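> I'll drop the sequence and a predicted model, then ask my questions.
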Amino acid sequence: MPKINVALVGVGNCASAFVQGLKYYSTCNEEESVGLRNAALGNFRPKDVEVVAAFDIDGRKVGKDVSGAIFEEPNNVSRLAEVPPSGVIVNMGPVLDGLGEYTKHVVHMSNHPEAKVAKVLKESKAEIVLNLLPSGAVKASQWYAEQALISGCAFVNATPSFVASDVTWAKRFETAGLPIVGDDLIDQVGATTLHKTLLQLLSINGVHITETYQLDVGGGTESLDTLDRTKDVKRAVKTKSVEAALPYTAAVVAGSTDYVDFLQNRRDSYFWIKGVHFCNVPMQIDIKLSTIDAPNAGSVLLDVVRAVKMALERKIKGAVMPVCAYGFKHPPHLVSLEAAEKMFAEFVTEKK
Ligand SMILES: NC(=O)c1ccc[n+]([C@@H]2O[C@H](COP(=O)([O-])OP(=O)(O)OC[C@H]3O[C@@H](n4cnc5c(N)ncnc54)[C@H](O)[C@@H]3O)[C@@H](O)[C@H]2O)c1
């Protein structure tokens with residue numbers, strides 16, 4: 001099988017879990033692939049995905065082999081696999097708005113000269129640019145989308161910056177004959193998905209929800225950046241997504257709240273649901289979900305990357321709705337969880 005050549009933009013926690021996952025699952029057969037939603041997707045397995053280029057701005061990562069850079073601070077995701085040297089060296093990219101007021105104290109700017117990103121993408125034969133920049137790096141995310149266009153690469157936007165869901169950007173990829181997917185990756189054990197599923201279950205059973213919230217705290221650099229720059233946008237995206245799970249209007253708040261450094265890469269999510277059931281009798285749910293943030297992205301990222309390779313093979317252009325709906329919180333159009341699952345299943349089993 002041909003390899004799926006991926007360029008990483010941002011070698012943070014998420015990239016670390018992704019690269020470690022590629023090694024972890026490289027030798028597994030179907031039965032051994034515990035933790036993956038799809039061991040095989042179409043004809044593709046995790047071992048078919050190869051990181052061929054990487055970009056960052058932190059002096060502890062730039063100039064290093066990706067296998068070592070993924071374990072450098074301020075990354076704090078745990079060791080999941082021993083990753084051998086790959087020969088792929090992390091390049092210095094332009095900073096643009098990559099650093100926020102809070103993260104500029106934890107990211108150490110590299111003094112390496114900036115690489116010619118489009119040239120690196122072309123020479124490395126990258127096919128898919130995987131954007132894992134901080135959520136506040138809106139301009140930088142768009143700049144890398146531009147580099148993908150120049151280099152003839154597909155673009156996967158895991159960040160909450162609006163790119164795939166922006167009509168103008170989607171159109172530009174369509175015109176260039178390239179696929180784009182995003183925005184804001186859905187986690188495997190997703191707080192938003194859990195919240196929506198609970199609300200749907202209660203609602204189907206005749207419970208009337210009056211109010212609900214979902215708040216979370218985390219200890220990764222991303223939580224620090226969110227606190228500084230993207231709290232409002234994340235709250236808007238999540239709240240809209242959760243509201244869509246109910247067939248009526250209720251008081252809904254869903255969003256990230258704070259950074260707790262000693263949690264390391266852990267994320268704790270709190271859910272509160274209040275409603276009434278038979279004879280207007282009240283009920284409430286008060287629960288906590290605890291996950292490690294970066295590995296929580298791994299399975300969905302692996303599915304998305306393989307599905308985008310299928311889109312490239314089928315010459316699909318512009319925003320690929322079945323992949324956007326399955327893998328992202330803010331696709332071009334919001335659809336129900338069931339509809340998203342169905343669209344994705346049909347897409348990945350479709351004959352070329
Ligand atoms: N479970 C998850 O981890 C998850 C789920 C959904 C979405 N996301 C999104 O994925 C993205 C990455 O998350 P993370 O936890 O890995 O973040 P992170 O802060 O650990 O990593 C970001 C990396 O980008 C680098 N960077 C900053 N500016 C740059 C620039 N201009 N050019 C190149 N590199 C630059 C930083 O040095 C850092 O290595 C975020 O936008 C997050 O919202 C993650």
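Received the coordinates, thanks.
> Bridge partners for Leu129, pull those for me.
You called it Leu, but residue 129 is Val. On the basis of DSSP bridges, Val129 is bridged to Ala7, Phe155.
> close enough to count as contact, it and Val156?
Yes - counting by Cβ atoms under 8 Å, Val129 touches Val156, with 7.0 Å between them. Backbone N, C-alpha and C define where each C-beta goes, glycine included.
> Might you report the residue contacts of Leu130?
With contact set as Cβ atoms under 8 Å, 6 or more residues apart in numbering, Leu130 has these partners: 6-9, 15, 18, 156, 158, 301, 305.
> from the stretch 251-352 of the chain, which residue is nearest to the ligand?
With Cβ to the nearest ligand atom as the measure, Ala297 is the residue of the stretch 251-352 of the chain nearest to the ligand, at 3.6 Å.
> Distance of that residue relative to Val242?
Separation of Ala297 from Val242 (Cβ to Cβ, to the nearest Å): 19 Å.
> again, but for Tyr25
Here Tyr25 is placed at a distance of 31 Å from Val242 (Cβ to Cβ).
> Phe278 now?
25 Å.
> ditto for Ile4
Distance of Ile4 to Val242, computed by Cβ to Cβ: 33 Å.
> Those two: which has the busier surroundings?
Val242 (24 against 21; other Cβ atoms under 10 Å).
> what's the pLDDT at the nearest residue to the more buried one once chain neighbours are set aside?
The shortest distance from Val242 to any non-neighbouring residue, by Cβ to Cβ, 6 or more residues apart in numbering, is to Ala254 (4.5 Å). pLDDT for Ala254: 95.
> how about Ala254, what does it touch?
192, 195, 213-215, 235, 238-239, 241-242.
> quick one, strands of the protein?
Here the chain has its strands, by DSSP state E, at 4-9, 49-56, 90-92, 128-131, 154-157, 179-181, 208-218, 251-259, 266-277, 281-292, 318-319.
> I'd like a version of these in CSV, one that adds distance to Asp228 as further columns.
Converted to CSV, the strands of the chain look like this (distance: least, Cβ to Cβ, whole Å):
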stretch, distance to Asp228
strand 4-9, 20
strand 49-56, 19
strand 90-92, 23
strand 128-131, 19
strand 154-157, 20
strand 179-181, 27
strand 208-218, 13
strand 251-259, 9
strand 266-277, 17
strand 281-292, 22
strand 318-319, 29
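> Mean pLDDT per element in this protein, and the minimum belongs to which helix or strand?
helix 231-243 (a mean of 90; mean pLDDT, DSSP states H and E).
> Contacts for it next, please.
Counting by Cβ under 8 Å, 6+ apart, 135, 160, 184, 192, 195-196, 199, 212, 214, 226, 249-250, 252-257, 329-330, 334 sit against helix 231-243.
> that older thread, pairing partners for the residue nearest to Val242 in the sheet, please.
Beta-bridge partners, per DSSP bridges, of Ala254: Gln214.
> tell me the contacts of the residue in the chain that the ligand sits nearest to?
Closest to the ligand within the chain is Gly12: 1.7 Å, counting by Cβ to the nearest ligand atom. By Cβ under 8 Å, 6+ apart, Gly12 lies in contact with 56, 75, 132, 134, 220-222, 294.
> any idea which of these is closest to Leu96?
Nearest to Leu96 among the contacts of Gly12, counting by Cβ to Cβ, is Pro134 at 11.1 Å.
> Residue numbers of this protein in contact with the ligand?
9-15, 55-58, 75, 93, 95-96, 98, 107, 132-135, 137, 140, 158-160, 184-185, 187, 220-222, 293-294, 296-297 (Cβ under 6 Å from any ligand atom).
> one step back: please identify the most buried of the strands of the chain.
strand 179-181 (a mean of 32; mean count of other Cβ atoms under 10 Å).
> Now do it: everything it contacts.
145, 148, 154-157, 163-164, 169-170, 173, 304, 307-308, 311-312, 316-320, 323-324, 327-328.
> now swap in stretch 167-177 and tell me
So stretch 167-177 is in contact with 142, 145, 149, 152, 155, 162-164, 179-180, 315, 317-319, 332, going by Cβ under 8 Å, 6+ apart.
> Measure how far stretch 10-20 is from the centre of its chain, please.
11 Å (Cα atoms, centre = their mean, to the nearest Å).
> Can you report how many residues lie near the nearest residue to Ser203 once chain neighbours are set aside?
Using Cβ to Cβ, 6+ apart and skipping residues adjacent in sequence, the residue nearest Ser203 is Leu246, 5.8 Å away. Leu246 has 17 neighbours, counted by other Cβ under 10 Å.
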